[in-house]
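J.: What shape does this take:
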Amino acid sequence: MKPIFSKRNVILVLTALLFVAVSACTTTSATKSARIKKVHARVDLGTAYLKSRQHTAALKEFLEAEKITPDDPDIHLYTGIAYFELYINDKAIESFQKAIKYKSDFSEAHNYLGAVYLRTGEYDKAITEFKMTLSDVLYPTPDVCLNNLGWAYYQKGEYRMALAQYRQALQRNTNKYLRFLIYKHMGIAYFALHEYENAVDYFERSLELVPNLQEAHYWLGRSYLKLNDLRKASEALEQAMTLNPDSEYGTRARRYLSVIPDE
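T.: Okay, here's the model as predicted:
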């Protein structure tokens, strides 16, 4: 009796199966490559929208990219940034947490998550996230993170701790344009501690770098009032009001000017 499968038939069957397997792999590889290109296109367009401050358009692209690769931490980060810029805080928190879920040491996601918590008044959570960011010795902008950490401590009423963070921020400052903000925040912390001469010093340092910084003029005027230097207080508050009369600090400055007696 002849065998059902001859040696030749077996070889032909194995060759056919191998061809099918290779074809399937090739198809899968091509499909994966197409998906990756599609994701990159979405992300590139989304980041371009972010740079041009078209945040809603950016969000749309990132959400589409998420559908294709839902486990990509970078895409969740970008989605969170878009939500953050749109002040959709709960969604921003959710996205940054997803980014951290897929990459636990994702410093940028921790920093942004801290920024959202700072905005929403959850200061202890913000402090935890900023410290997680700073634990990464390679994080490129520690001064920004330290400034935010200081502001979180300030909001909790821990003014000395806030000042300690600001001093570290100055020591690790990589962006000269941030220095004016750190000086202003240091002045506000000293004002809260009733150390008004130190407050004046740092508000003036801030204004040397950014002469039209309305908030610094306002706080400088308040500090001079505490030191009973009415002339300098009037000058600083007048400048704050003139820069933007209808803003929050313009309105506050006008209120204080109204109670300073004429010389």
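
J.: From now on I want contacts and neighbour counts done on CA atoms only, so please keep to that.
T.: Will do.

J.: ok, and the closest non-adjacent residue to residue 141?
T.: Nearest residue to residue 141, sequence neighbours excluded (CA to CA, 6 or more residues apart in numbering): residue 174, at 6.8 Å.

J.: can you pull out the helices in the protein?
T.: Listed in chain order, the helices of the chain (DSSP state H) span residues 7-51, 55-68, 73-85, 89-102, 107-119, 123-134, 142-155, 159-171, 179-192, 196-209, 214-226, 230-243, 248-257.

J.: Could you dump the ones you listed into JSON lines and include mean neighbour count and mean pLDDT?
T.: Listed next are the helices of the chain as JSON lines, based on neighbours: other CA atoms under 10 Å; pLDDT from 0 to 100:
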{"stretch": "helix 7-51", "mean neighbour count": "14", "mean pLDDT": "65"}
{"stretch": "helix 55-68", "mean neighbour count": "19", "mean pLDDT": "94"}
{"stretch": "helix 73-85", "mean neighbour count": "25", "mean pLDDT": "97"}
{"stretch": "helix 89-102", "mean neighbour count": "20", "mean pLDDT": "98"}
{"stretch": "helix 107-119", "mean neighbour count": "24", "mean pLDDT": "98"}
{"stretch": "helix 123-134", "mean neighbour count": "21", "mean pLDDT": "98"}
{"stretch": "helix 142-155", "mean neighbour count": "25", "mean pLDDT": "97"}
{"stretch": "helix 159-171", "mean neighbour count": "20", "mean pLDDT": "97"}
{"stretch": "helix 179-192", "mean neighbour count": "24", "mean pLDDT": "98"}
{"stretch": "helix 196-209", "mean neighbour count": "20", "mean pLDDT": "98"}
{"stretch": "helix 214-226", "mean neighbour count": "25", "mean pLDDT": "98"}
{"stretch": "helix 230-243", "mean neighbour count": "21", "mean pLDDT": "97"}
{"stretch": "helix 248-257", "mean neighbour count": "18", "mean pLDDT": "96"}
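
J.: hmm, back to that, tally up the residues packed near the residue nearest to residue 141, please.
T.: The tally of other residues near residue 174 (other CA atoms under 10 Å) stands at 15.
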